[in-house]
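Asks: here is the input, now give the coordinates:
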Amino acid sequence: MTQADSWTQAQALREQLVSWRRDFHRHPELALQEHRSAGIIAEILHDLGYEVETGVAETGVVARLRGKETGPVVMVRFDMDALPILEANETDYASQNRGVMHACGHDGHMAIGLGVATLLAQRRDTVSGTLKLVFQPGEEGGDGARMMVDEGVLEDPRPDVALIAHLWNEKPVGTVNVTPGPVMAAAEKWLCTVRGKGGHGALPHQAVDPIVATAQIVTALQTVVSRNVSPLETAVVTVGSFQAGDAFNVIPDRVDLSGTIRTYDPRVREDVLRRVREIVENVAEAYEASADLQINHLTPAVVNNPQVVEVVREAAEAVVGPQNVTSGERTMGSEDAAYFMEDVPGCYFFIGSANSERGLDASHHNPHFDFDEDALPVGVAVMAETTMRYL
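Replies: Next comes the predicted model:
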């Protein structure tokens, strides 16, 4: 498949890609509930001649296209789930499932995946190796990637390389961003209960006020990044929820906090987790309260393999031109695709999808999120071109 073939064939699929995308957008499904989406995907892949496996990690779909000659195994992943968001867009393809919305572009990812499957099926006779398509459920906090790994998605056959793309409204349509090294952060969710002694608001000396203790904890946590992390490193410590009391004249006996921690480097992560725990527990004790802190690991960092990055970059330059391929895009957002890439060298890259002139530039996870559908054939062409460079 030449560059001209990749782009020409992807462009020829545009109407079908848009149709698939809009159908998925009208019928969004939450994490691990993607039954309709998975059923459509499985049927199309079966009709294209793929070996199809369903019910992986509850609703995931895995499909294999084996070439006539032996060669590398290339895994390409597309996520399927939507978000619990009430859509604010007024389009003819707006969500028909009230309170659920494709606000991150996964509807487009599924369409791109089916486009790649279509193009590669047309080239089956020239494939040397195996294409392994993974349609993943539960990316939005559903732990879907880890579940798929636990159920053996990285075996039978084991991938030699993993390719993952994300539509990206931080970049204009027609561009591709490919960056070596870490591109998305490791993520932790933390929960904390600070316990004191409740009492009357007019008699604070008879109580142990957990609100005062927790306020000091929140303030002290701001020093973790500014004073315990090198200015040349990156980390985020966020308090996202502070729940305390329900009466104006009562000192409660507990405060519940929750938040997130984001890091790239494992050493920085270890230091940040240690300092968060020390601050929470010791500040609480200083105010005669106690603290119970739970830190739950959500996902490792997404780290791109430099060699795979170069293959993707060359493919992207062949499709959209070198002037439209950039590098350096990183985010403290997280992605459980990291579980696929811990053991398999891979590249997670961004397909520009914003068009500010058409008002298609709302951020991800926003109720007004939408993207320029011209990004769909770009995604198909770059992914197909990259895949064929391996196969």
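
Asks: every contact and neighbour count from this point should use C-alpha atoms.
Replies: Noted.

Asks: how near is the closest residue to Val225 other than its chain neighbours to Leu273?
Replies: Counting by CA to CA, 6 or more residues apart in numbering, Ala235 is the residue found nearest to Val225 once chain neighbours are left out, at 6.2 Å. As defined by CA to CA, to the nearest Å, Ala235 lies at a distance of 11 Å from Leu273.

Asks: quick one: which of the two has more around it?
Replies: Between Ala235 and Leu273, Ala235 has the larger neighbour count (other CA atoms under 10 Å), namely 21 against 16.

Asks: from memory that one sits against Ser226, does it?
Replies: No: judged on CA atoms under 8 Å, Ala235 makes no contact with Ser226 at a distance of 9.4 Å.

Asks: mind checking how far stretch 136-154 is from the chain centre?
Replies: For stretch 136-154, the gap between its own C-alpha mean and the chain's C-alpha mean amounts to 12 Å (CA atoms, centre = their mean, to the nearest Å).

Asks: and that stretch, what's buried?
Replies: Going by neighbour count (16 or more other CA atoms under 10 Å), the buried part of stretch 136-154 is 136-140, 142-148, 153-154.

Asks: with stretch 88-96 instead?
Replies: Neighbour-count burial for stretch 88-96 [16+ other CA under 10 Å]: Ala94, Ser95.

Asks: ok, then the element right after the host helix or strand of Asp107?
Replies: Using DSSP states H and E, Asp107 sits in helix 106-122. Note on helix 106-122: by DSSP H and E, the next helix or strand toward the C-terminus is strand 128-136.

Asks: okay, angle between that next one and helix 106-122 too, please.
Replies: 160 degrees (axes from the mean of the first three to the mean of the last three CA atoms, to 10 degrees).

Asks: run through who's touching whichever helix or strand comes after strand 128-136.
Replies: Per DSSP H and E, strand 128-136 leads on to helix 144-150 as the next helix or strand towards the C-terminus. Contacting residues not belonging to helix 144-150 are listed as 31-32, 56-57, 60, 136-139, 336-337, 339-340 [CA atoms under 8 Å, 6 or more residues apart in numbering].

Asks: if we use 10 Å, what do you get?
Replies: Residues outside helix 144-150 that contact it (CA atoms under 10 Å, 6 or more residues apart in numbering): 31-32, 56-62, 77, 79, 81, 134-139, 151-155, 298-299, 335-340.

Asks: likewise for stretch 198-210?
Replies: 193-197, 216, 244-245, 247-256, 284, 287-291.

Asks: just the buried subset of these, written out for PyMOL, thanks.
Replies: Applying 16+ other CA under 10 Å to the contacts of stretch 198-210, the buried members can be selected in PyMOL as follows:
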select buried, resi 193+194+195+196+197+216+244+245+250+251+252+253+254+255+256+284+287+288+289+290+291
